[in-house]
Each structure stands twice: as C-alpha cells, then as structure tokens.
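> Got a predicted model here, sequence first, then my questions.
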Amino acid sequence: MITRPSSTRALRGARGLLGWFGRLVLALYLSTLAVFLVLEISIDGGMATVVLGAGEDLDNPRLAEQVEAYNFKDPVPLRHAKWFLDAAQFDFNRSSRGDRPVQPMLTPRLPISFEIAILALGSAVVIGLTAGFSGALLSRSSSKFAHTAVISTLQGTPAFILAAVATWVISVKYGLLPAAGWERLSTSVSGNLERALMPVLAIALPEAGIIARLVTTSTRSVLDEEFILAAQAKGLPRRQVIVRHALRPASMTLLTQLGLIFGSLLSGVIIVEQMFGIGGMGIVLEEASINRDLHVLAAITAYVTAIIVVIRGLSELVYRWADPRTRASF
C-alpha cells in the first residue's frame, strides 16, 4: 500500500507538533527544577528554614501540616516533581509568606505584563524592520554612518535609562502622559494606551536597534545574491527590488531570533514595571525574591518559560512557512 503524500505530511506535522510539545515540557521542568535547586543550595538549612524557621524539627507535631503541604521530608528532586505535576493543573501550591495560594496572586497581574510585552514586541519589530530596510537603501557613506550611530545608540541604551528619560521629559517637564500607574484595557482603551506608551517604547527601542542591525546586515547580504542582481538588471527600481524580492529572504534571520528577543523583552518588562508603578509581574517577582518565596518564583519561571517557548515555536512555524526549503523537515 502506497502512502499518500497528504498522509505523509500530516504524519510529519503531528511528529513535529509532538516534538515541540516535548521541548516545551522539558524546558518547563528543567527551568523550575533549577529554581528549586538554587534556592535550596543558597539558603542555609534549605527552604524549610524560610517557611518553618531556623532550627525547627521536621518531626515537630506543631509543624506537621506545613511539612506535609510543602513536602519538606522529600528530597528536592522528588519535591519538585510533585510540585510540577500539580503545576500542570495550575496548582502552584502556596506562598511561603502569608500562606496564600500562588495562582490567585498571579492571575490579575499576568495580563498586564503580557500586554506590555506583546505591544513592545510589535513596536520593536515595526520600528526595527523600517529602520533596517531604510539602512539597506542608503548609498552615501555619511548617511550609513549616521544610521549606524543611531542604531548603536538605541541598541546600547538600557530600558531603565530610556524609562527615566521619558518620564522626566514627557511626564514631568511637558505633562503629556501620566508618569505612573496603570489602567486596564477593559476600563478605558485610551487610558490604557496612554499609560502603556512610555513603558512599551522604553522596552521596545533597544530591541528595535538589535532588529534593525540584523535586518540591515541580512538585507545587504541578500542584495548581493544572483536573483537580486538579475532583478536589478531588468531595470527595476531599488526599492521595488527590496520589497518584492529581498524582503522575504532578508527576514529569515529575524524570524529565528524572535524567541530570544521576546525573552529579553520580558526581562525588560519586569524592570520597567517597577519604575512606572505598574502592578504587573515585576512587583510580585521583586517581593518573592526578597522573601525567597520558592513557589511564587517557580510559578513565575514556569509562566515566563512557557511564553518564551511558545513564541519561539510560533516563530519557527512562520519561518518554515516563509522558507519552503525547510518544510520538508517538518
């Protein structure tokens, strides 16, 4: 019996999807295990000291409920494995500070950080692509130098510096936008965008510099290819050659880097949120780090890792769609 090509493609696609899901689970497991191990090793007496107090006996009947809830009698790998199975059902156990469930602490804050990160990613891609392709069109050396200088400045300026400058110039000096606080999208679209604009640009501009440099370099490389030279030989304008023939292959490098860029954006979100007084994941992460709150830190790590792996998986799918040469391996 001869297997139909469509069946072969479906089987290959299912295999690729299972492989991607397996990588997601493995990344989540290893990243959260690292959090458990680092905290256990770095704290004298381990996490039991943080929760129960220094010198407390695990066999103390008064502490039996907490010992059982946090599985302190189990080795760290087994304790993490139990936590991981519960986390797969969105049960992240309880915070070691205040004895509160972890999930309700994160649920209202995740959409805020995720919205800022997505807006920042979109802004970085649009600005970076525009600046990158514009740089590839420049012919004069002075223009190329100015373009490189601007891109290098954006790329080398930390997000917290941009946030501080934007707050002073836009909010304090001219009063154009609120300096701090957050308004949910469900409450007011305009209010949400007003408060999101400065943190989004502060995070997006450094990444836009990285994207612009990647796109400029890859576009100039593509412009030396034979099919581009053939299109130019036909008398097509340079801009038309770039848009019709060079845009797609020049974007391949960017697609492979989107997951890493988004991961960098998420770290920027956590920092900038605190500067603008936004009640997202940054505040929770700061408090959990200070209090050495294991389950909160592990939950945040799981969410961030999952988001990064999913974005990388989506960028890989788009890459395979954009480049027909890679479809056969999917």
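Thanks, I have it. Because the structure is predicted, anything quoted here is derived from the model rather than measured.
> does Phe160 sit in a helix or strand, and which one?
Under the assignment given by DSSP states H and E, the secondary-structure element containing Phe160 is helix 159-166.
> which strands and helices sit next to the next helix or strand after that helix?
Past helix 159-166, heading to the C-terminal end, the next element that is a helix or strand (DSSP H and E) is helix 189-222. Judged by 3 or more Cβ pairs under 8 Å, 6 or more residues apart in numbering; DSSP states H and E, helix 189-222 is in contact with helix 110-137, helix 141-156, helix 159-166, helix 247-250, helix 252-275. All C-beta spots, glycine's among them, are computed from the backbone N, C-alpha and C.
> Let me know the next secondary structure element after the one helix or strand Trp83 maps to.
With the criterion set as DSSP H and E, the secondary-structure element containing Trp83 is helix 76-87. Beyond helix 76-87 in the direction of the C-terminus, DSSP H and E gives the next helix or strand as helix 102-106.
> what mean pLDDT would you report for that next one?
Helix 102-106 comes out with an average pLDDT of 90.
> Alpha carbons of it, in PDB - could you do that?
What follows is helix 102-106 as a C-alpha-only set of coordinates in PDB (Å, rounded to 0.1, in the frame of the first residue of the first chain):
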ATOM      1  CA  VAL A 102       0.100  31.300  44.400                       C
ATOM      2  CA  GLN A 103      -2.200  31.200  41.400                       C
ATOM      3  CA  PRO A 104      -4.700  34.000  42.600                       C
ATOM      4  CA  MET A 105      -1.600  36.200  43.300                       C
ATOM      5  CA  LEU A 106      -0.500  35.900  39.600                       C
END
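> start at 714 instead
In the new count, where the first residue is 714, that last one comes out as helix 815-819.
> outside of that helix, which residues touch it?
The set of residues external to helix 815-819 that reach it, using Cβ atoms under 8 Å, 6 or more residues apart in numbering, is 803-808, 994, 997, 1008-1009, 1012-1013, 1016.
> so what's Glu1000 closest to, chain neighbours aside?
Asp1006 (7.3 Å; Cβ to Cβ, 6 or more residues apart in numbering).
> same check, this time on Glu907
Across the structure, with Cβ to Cβ, 6+ apart as the measure, the residue nearest Glu907 apart from its sequence neighbours is Leu890 (5.6 Å).
> same deal with Leu750?
Counting by Cβ to Cβ, 6+ apart, Val789 is the residue found nearest to Leu750 once chain neighbours are left out, at 6.2 Å.
> What of Ile923?
Of all residues beyond its chain neighbours, the one nearest Ile923 is Gln868 (5.4 Å), with distances taken as Cβ to Cβ, 6+ apart.
> ok, the one you found touching Leu918?
No: taking contact to mean Cβ atoms under 8 Å, the distance of 9.0 Å between Gln868 and Leu918 leaves them out of contact.
> which one of these two has more residues nearby?
More neighbours sit around Leu918 than around the other of Gln868 and Leu918, counting by other Cβ atoms under 10 Å; the figures are 21 against 17.
> in the stretch 714-863 of the chain, what spans have low per-residue confidence?
714-719, 722, 811, 852 (pLDDT under 70).
> oh sorry, the question was meant for the stretch 914-1043 of the chain
Along the stretch 914-1043 of the chain, segments meeting pLDDT under 70 span 1034-1043.
> If we use 50, what do you get?
Under the criterion of pLDDT under 50, the regions of the stretch 914-1043 of the chain flagged as low confidence span 1041-1043.
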